[in-house]
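# Curious how this folds, go ahead:
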Amino acid sequence: MIGSIPGGQGAVFVAGAPQDQTIQGTYYPATVGYQLTVTNNSANTADINGFAVVFYDSTGSELGSDREDVTETFLTTGQSLTWTEYSATDTQGNASNLGHANIPAGSATCQIVEWYHP
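A predicted model of the protein is given here:
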């Protein structure tokens, strides 16, 4: 799901359309992000060191993709892990210190297409 982190670093991830915020008189444009949860439904431990997602607009047309490397981790049976990835720019085009994800403008949803393992 596409969401945003309003107010810059340390703010809470908000699902839905990016929302700008004013805190104590200072304007903060939102930074677009996405959250991905992977659950191991198999009987074997899964080894994960990255994933790829595809982004779609509101009509379901594909807009682009993002690949993220993560610290290698293991998922045991039934375990879930969630990652939150943020765009390299905020919604005003300013550099964001939150992340480096490639999230196409106009994205409405995303879906995991592959997870990587050693």
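# Nearest residue to the residue positioned nearest the centre of the chain in space, please, no chain neighbours.
Nearest residue to the geometric centre of the chain (C-alpha atoms, centre = their mean): Tyr34, 2.4 Å. Once flanking residues are discounted, Tyr34 sits nearest to Cys110: 5.2 Å by C-beta to C-beta, 6 or more residues apart in numbering. C-beta here means a position set from N, CA and C on the backbone, and glycine is covered the same way.
# So that neighbour is in contact with Val53, correct?
Yes: in this structure, Cys110 is within contact of Val53 by C-beta atoms under 8 Å, at 4.6 Å.
# so what sits against both of these two?
Tyr34, Leu36, Asp66 (C-beta atoms under 8 Å, 6 or more residues apart in numbering).
# Which of those residues scores worst on pLDDT?
Among those, Leu36 carries the lowest pLDDT, at 86.
# Could you name the specific helix or strand carrying Asn49?
strand 46-56 (DSSP states H and E).
# That strand: which residues count as buried?
Ala46, Ile48, Phe51, Val53, Val54, Phe55, Tyr56 (16 or more other C-beta atoms under 10 Å).
# How much space separates Thr39 from Leu81?
Distance, Thr39 to Leu81, by C-beta to C-beta, to the nearest Å: 8 Å.
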